[in-house]
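1. Starting from these lines, generate the structure:
(4 chains)
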There are 2 protein chains.
Amino acid sequence: MRASASVTTDPQAPAAAAAATGPAAATPYREAARELLRDSLFDAARRLLEDRPWAQITMAEIARAAGVSRQTLYAQFGSRDDFAQQFVIREGARFLEDVEQAIHAHLDDPVRAVSAAMEAFLVAATEDPLVSLLLADDGTGGMLPLVTTRSRPVLDWASARLCVAMRDGWPAIADADAELLGDTFVRLALSYVTMPRLDSPRATAEAAADLLGPYVERAVASAGS
Amino acid sequence: MRASASVTTDPQAPAAAAAATGPAAATPYREAARELLRDSLFDAARRLLEDRPWAQITMAEIARAAGVSRQTLYAQFGSRDDFAQQFVIREGARFLEDVEQAIHAHLDDPVRAVSAAMEAFLVAATEDPLVSLLLADDGTGGMLPLVTTRSRPVLDWASARLCVAMRDGWPAIADADAELLGDTFVRLALSYVTMPRLDSPRATAEAAADLLGPYVERAVASAGS
DNA sequence: GCTTGACAAATACCGTATACTTGTCAAGTA
DNA sequence: TACTTGACAAGTATACGGTATTTGTCAAGC
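-> Below is the predicted model of the structure:
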């Protein structure tokens, strides 16, 4: 069973090990190699997904396309579902980088930050052919449940990362405010992707920013409640 | 094809006809009978859904359970999908009545109105065994897509009704504000049902109210801009 | 740590045949 | 006019035994 339910992308993990063993940067190669391997597997899957739905792609194919044995794949990800889950998160990370960047580019104007962040996400998501494919296949076995019914992992992960980004840019913000904002932002973003508004991405983003704006401004400004 | 794409529940339709023909309340029986028939069919479907997933229920069964011929069913709803769509909306209407009531009970305090409305929806939805069944069946052919991927009709309908309720209770609110609030409220509500927060419904509702609060207060108060 | 080879169990595919369901007729009844 | 009955083609679900593939997990070897 291997019990690999950890979904977090934690590149800071070796730090603890290093602190425990003594010599600084004790095993960065190990971790780096592991990360490289995982990326190769994700990239291979992405390549395959470009002309075939997820249900029709086998683990053996992914391993072969990455130039790796099937067992190495299973050693990294416990099961097919685990791989799918983490793959979606890896893809989402690309979007989230844009979002974080948008936030940090507008630290002086929180409302614009929200608007820019949502717009960055929406254009990145709608332009990505992979997202279209994800939303297209409606049947079971596809990856669509991972952003709708079983989207808890994605939601938790993205929301936590947004939380960090906000606390980073606006130190005055309260924990609860940041969490609520992250959660809501992600829920709305997922909703907009799975059933878009009739607006353009920019208009949608501005609507969301209008709505969240008053709350964000208050949260960013006032330190004490 | 019968082209019955109209999803609105419009009991005001005969009004126009009456105004055109002259005699007031010209054909209320016709409409009333139609509505009764539709309700019977919906109720029959609900009964059947209590022990069988949607995919395993045939149109013939629904008709038989309602004591009506299959063709009458097809005369009312163009297709199986149409029926499912309108059925979901009919069920949603029960929840929406609670929501509207909650809003009108707190017209003096918009934030409490949002909180009460969301909580009313969440408890009604989580208590309803039908909702649990809807969310349970993950496969294709179920009704779950109607509140996730293909939820546009439900979203538009609910959002429009909320819009009316808000304009009703807070005449000062701007059209755009009411629309945006309705849209966002429904998107969040659907998100909370399909993947609940770890909180209780009450806590979830209060979080949502906290977040929408500043916007709502501003929208309700200021008539200009 | 990765690879190769092998394994049981579960699942997918296949071709065929049968049964059922959907959506739409037309004719009949009150 | 609105509903019912009976019938229809087209599409889809089911059953079926048999075969092939896939998943998830071994152990042996470099």
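2. ok, A:Leu107 to DNA strand C distance?
-> With distances taken as C-beta to the nearest atom of the strand, to the nearest Å, A:Leu107 is found 40 Å from DNA strand C. All C-beta atoms are positioned from the backbone trio N, CA, C, and that covers glycine.
3. in the longest helix along chain A, what counts as buried?
-> When every helix of chain A is counted residue by residue (DSSP state H), the longest turns out to be helix A:80-104. Neighbour-count burial for helix A:80-104, counted by 16 or more other C-beta atoms under 10 Å in any protein chain shown, picks out A:80, A:82-92, A:95-96, A:98-100, A:102-103.
4. That helix vs DNA strand D: in contact?
-> Yes: interface with DNA strand D: helix A:80-104 contributes A:Arg80, A:Asp81 (C-beta under 7 Å from any atom of the strand).
5. neighbouring contacts of that helix?
-> For helix A:80-104, the external contacting residues (C-beta atoms under 8 Å, 6 or more residues apart in numbering or on different chains) are A:4-5, A:7, A:9, A:38, A:41-42, A:45-46, A:54, A:59, A:62, A:73, A:77, A:113, A:116-121, A:124-125, A:128, A:130, A:134, A:143, A:146-147, A:153-154, A:157-158, A:161-162, A:165-166, A:168-169.
6. before we move on, what about stretch A:112-127?
-> Outside of stretch A:112-127, the residues that reach it under the criterion C-beta under 8 Å, 6+ apart are A:94-96, A:98-103, A:105-107, A:131-132, A:169, A:185, A:188-189, A:192-193, A:196, A:201-202, A:204-206, A:208-209, A:212-213, A:216.
7. Quick check on these: which are buried?
-> For these, a burial check counting by 16+ other C-beta under 10 Å picks out A:95-96, A:98-100, A:102-103, A:106, A:131, A:169, A:185, A:188-189, A:192-193, A:196, A:201, A:204-206, A:208-209, A:212-213, A:216.
8. so where do the strands sit in chain A?
-> Per DSSP state E, chain A has no strands. Nothing in it meets that criterion.
9. of all the residues in it, which ones are close to DNA strand C?
-> Counting by C-beta under 7 Å from any atom of the strand, chain A comes close to DNA strand C at A:30, A:33-34, A:37, A:56, A:67-72, A:75, A:141.
10. Narrow those to those in helices?
-> Among the residues of chain A next to DNA strand C, DSSP H puts A:Arg30, A:Ala33, A:Arg34, A:Leu37, A:Arg70, A:Gln71, A:Thr72, A:Ala75 in helices.
11. and DNA strand D, which of these reach it?
-> When these are checked against DNA strand D using C-beta under 7 Å from any atom of the strand, the ones in range are A:Arg70, A:Gln71.
12. If you rank the ones in helices among the residues of chain A next to DNA strand C by neighbours, which is first?
-> For those, neighbours were counted using other C-beta atoms under 10 Å in any protein chain shown, and A:Leu37 has the most, 16 neighbours in all.
13. near DNA strand D too, which of the contacts of helix A:80-104?
-> With C-beta under 7 Å from any atom of the strand as the criterion, those include A:Met59 near DNA strand D.
14. Filter the contacts of helix A:80-104 down to the buried ones and hand me the ChimeraX line.
-> Restricted to buried positions by 16+ other C-beta under 10 Å, the ChimeraX selection for the contacts of helix A:80-104 reads:
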select /A:7,38,41,42,45,54,59,62,73,77,113,116,117,118,119,120,121,124,125,130,134,143,146,147,153,154,157,158,161,162,165,166,169
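15. from the contacts of helix A:80-104, which ones fall inside helices?
-> Restricting these to those inside helices, with DSSP H as the criterion, leaves A:38, A:41-42, A:45-46, A:59, A:62, A:73, A:113, A:116-121, A:124-125, A:130, A:134, A:153-154, A:157-158, A:161-162, A:165-166, A:168-169.
16. Identify the residue spatially nearest to A:Ala60, adjacent ones excluded.
-> In this structure, A:Ala60 finds its nearest non-sequential neighbour in A:Arg70, 5.2 Å apart by C-beta to C-beta, 6 or more residues apart in numbering or on different chains.
17. how about the residues of chain A near chain B?
-> A:135, A:138-140, A:144-145, A:148-152, A:155, A:180-181, A:183-184, A:187-188, A:190-191, A:194-195, A:197, A:207-208, A:210-215, A:218 (C-beta under 8 Å from any C-beta of the partner chain).
18. switch the cut-off to 7 Å
-> When proximity is defined by C-beta under 7 Å from any C-beta of the partner chain, chain A lies next to chain B at A:138-140, A:144-145, A:148-149, A:151-152, A:155, A:180, A:184, A:187-188, A:191, A:194-195, A:207, A:210-211, A:214-215, A:218.
19. So which of those residues sit within helices?
-> Using DSSP H to define helices, the subset of the residues of chain A next to chain B located there is A:152, A:155, A:180, A:184, A:187-188, A:191, A:194, A:207, A:210-211, A:214-215, A:218.
20. tell me the mean pLDDT for the longest helix of chain A?
-> When the per-residue pLDDT values of helix A:80-104 are averaged, the result is 96.
21. and that helix, how far from the chain's centre?
-> Distance, stretch centre to chain centre, for helix A:80-104: 2 Å (C-alpha atoms, centre = their mean, to the nearest Å).
22. by how many degrees do it and helix A:152-169 diverge?
-> Helix A:80-104 runs at 20 degrees relative to helix A:152-169, counting by axes from the mean of the first three to the mean of the last three C-alpha atoms, to 10 degrees.
23. Quick one, which of the residues of chain A next to chain B are buried?
-> With neighbours counted by 16+ other C-beta under 10 Å, the residues of chain A next to chain B contain buried members at A:144, A:148-149, A:151, A:155, A:180, A:184, A:187-188, A:191, A:194-195, A:207, A:210-211, A:214-215.
24. No further queries at this time; thank you.
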